[in-house]
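Participant: this one's sequence-less:
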């Protein structure tokens, strides 16, 4: 009886507790299609919809960037849905404005379920804030609250003792480099992760844009990185279509309009800057394309990210993975559009071969018909001659 009770309790827990297909922690922006940081802004209803959907997916933590007037709405709706929030505060370089913003944000946030504050998002890298000032801003924030405080920066900046010593824990950017397989991406991230001093907890923000990968590869990346056991926020829950950089737009699990991402065919685009021969190594397939000068090569394959490209003459070139819809050749630029298995070429050869065979058969039939006609004509003439021969003899 007791075992049956435990089984029913376990079953109830499995039913009640939502399980996330993607991650437990994600970065979140409330901006949708046709919305920007300068306006128009998301409505309360839109943010409420987002928080409900995020909670339904089993995501329990979100990290937000500078959200302006939407901050309190996000915090309220997150709390309603039992989601805790890491609040980012961007820095402008204006000390009086930045200190006022930090103070206002801390006061507005503290009554909600806040995990930690992030002061400056790559502020040193972007040149917004010198290291000494960033350290002072972190110290100022810590004087206002007991909630943990950190800053988010790349690996190199965490080698600095003054920054490392002042934060409660490390938050580091470790993104996929968009050029290799999932396994190599994870290995690269872990190699960089292990260069950071492990005396304090480390939180990672990471992601892989579907502009330079596929939906399936992005999902696999999230799953594999989660399995490493590191504490990670995945960038990000939904695309941000307002961003000017195409790759930056595509990190979301969902589209900017909150629709599920579709499986979109991608191709490899190779941009060559001078006359050269390009070798394309795709598993056991090897292709060679010789260009007469600057050119674009569009290469169709199931796994464009895994393809290796070599310039025989060592001429500089660039590779990128792009949606098939954007793979049209540009007028005025030398362009090659090739397939990994030459399906198109085989089809063309098959069609041409079939046409040739049909043409030959038609020609043979025509010749045979002509010979038959000629033979029949000779027989008819002979018959006529035989008919008139006796008549001529009578005269």
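Facilitator: Sure, I can see it. This structure is a prediction, so every number in the text was calculated from the model and none was measured.
Participant: check contacts around residue 338.
Facilitator: If a contact means Cβ atoms under 8 Å, 6 or more residues apart in numbering, then residue 338 has 287, 289, 297, 298, 299, 300 as its contacts. Bear in mind the C-beta positions are built from the backbone N, C-alpha and C, glycine included.
Participant: Paired strands for the strand or helix carrying the fourth one, with orientation please.
Facilitator: When secondary structure is defined by DSSP states H and E, residue 298 falls within strand 295-300. Each strand paired with strand 295-300, and its direction, by DSSP bridges: strand 266-272 (antiparallel), strand 334-339 (parallel).
Participant: in the last one, what counts as buried?
Facilitator: Right, the one you point to is strand 334-339. Buried residues in strand 334-339, counted by 16 or more other Cβ atoms under 10 Å: 336, 338, 339.
Participant: Quick one: mean pLDDT for that strand?
Facilitator: Mean pLDDT, strand 334-339: 84.
Participant: ok now that strand, how far from the chain's centre?
Facilitator: How far strand 334-339 lies from its chain's middle: 23 Å, per Cα atoms, centre = their mean, to the nearest Å.
Participant: Put together a markdown table for the contacts of residue 338, with distance to residue 193 and neighbour count on each row.
Facilitator: As requested, the contacts of residue 338 are exported to a markdown table (distance: Cβ to Cβ, whole Å; neighbours: other Cβ atoms under 10 Å):
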| residue | distance to residue 193 | neighbour count |
| --- | --- | --- |
| 287 | 36 | 19 |
| 289 | 38 | 16 |
| 297 | 35 | 24 |
| 298 | 36 | 19 |
| 299 | 33 | 23 |
| 300 | 35 | 19 |
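Participant: wait, which of the residues you listed is closest to residue 199?
Facilitator: Of all the contacts of residue 338, residue 199 sits closest to residue 299, with 46.8 Å by Cβ to Cβ.
Participant: Quick one: residues contacting the closest one.
Facilitator: 267, 268, 269, 270, 280, 282, 287, 307, 338, 339, 340.
Participant: where exactly do the helices run in the stretch 201-350 of the chain?
Facilitator: Assigned by DSSP state H, counting those that start in this stretch, the stretch 201-350 of the chain shows helices spanning 215-227, 246-249, 343-394.
Participant: Residue 175: which of the strands paired with strand 295-300 is closest?
Facilitator: Using Cβ to Cβ, the strands paired with strand 295-300 put strand 266-272 closest to residue 175, at 18.7 Å.
Participant: State the mean pLDDT of the closest one.
Facilitator: Mean predicted confidence for strand 266-272 is 85.
Participant: try stretch 108-127
Facilitator: 90.
Participant: Could you do stretch 132-144 as well?
Facilitator: 97.
Participant: Quick one: residues in contact with it.
Facilitator: 89, 91, 95, 98-99, 102-103, 106, 117, 119-120, 123-124, 129, 149-151, 162-163, 166-168.
Participant: One more pass at 7 Å, please.
Facilitator: For stretch 132-144, contacts defined as Cβ atoms under 7 Å, 6 or more residues apart in numbering pick out 91, 98-99, 102-103, 106, 117, 119-120, 123-124, 149, 151, 162-163, 166-167.
Participant: again, but for stretch 261-271
Facilitator: 210, 214-215, 254-255, 278, 296-301, 304, 307, 309, 317-324, 327.
Participant: ditto for stretch 156-165
Facilitator: By Cβ under 7 Å, 6+ apart, stretch 156-165 touches 124, 131, 134, 135, 151, 170, 172, 196, 197.
Participant: Tell me if the fifth one really is in a strand.
Facilitator: Okay, so that is residue 151. Yes. The assignment for residue 151 by DSSP: H, G, I helix; E, B strand; the rest coil puts it in a strand.
Participant: Next up, the contacts around residue 153.
Facilitator: 122, 124, 125, 172, 173.
Participant: can you list the weak-confidence ranges in the stretch 101-250 of the chain?
Facilitator: Along the stretch 101-250 of the chain, segments meeting pLDDT under 70 span 178-180.
Participant: for residue 89, phi and psi?
Facilitator: phi -130, psi 110 (degrees, to the nearest 10).
Participant: Relative to residue 211, how far out is it?
Facilitator: Per Cβ to Cβ, to the nearest Å, residue 89 is found 28 Å from residue 211.
Participant: re the thing from before, can you tell me which of the strands paired with strand 295-300 comes nearest to residue 220?
Facilitator: Checked against Cβ to Cβ, the stretch from the strands paired with strand 295-300 lying closest is strand 266-272, at 14.9 Å.
Participant: any idea of the angle that closest one forms with helix 215-227?
Facilitator: Here the directions of strand 266-272 and helix 215-227 differ by 90 degrees (axes from the mean of the first three to the mean of the last three Cα atoms, to 10 degrees).
Participant: on that earlier part again, for the contacts of residue 299, which single residue is the most surrounded?
Facilitator: Highest neighbour count within these: residue 268, with 24 neighbours (other Cβ atoms under 10 Å).
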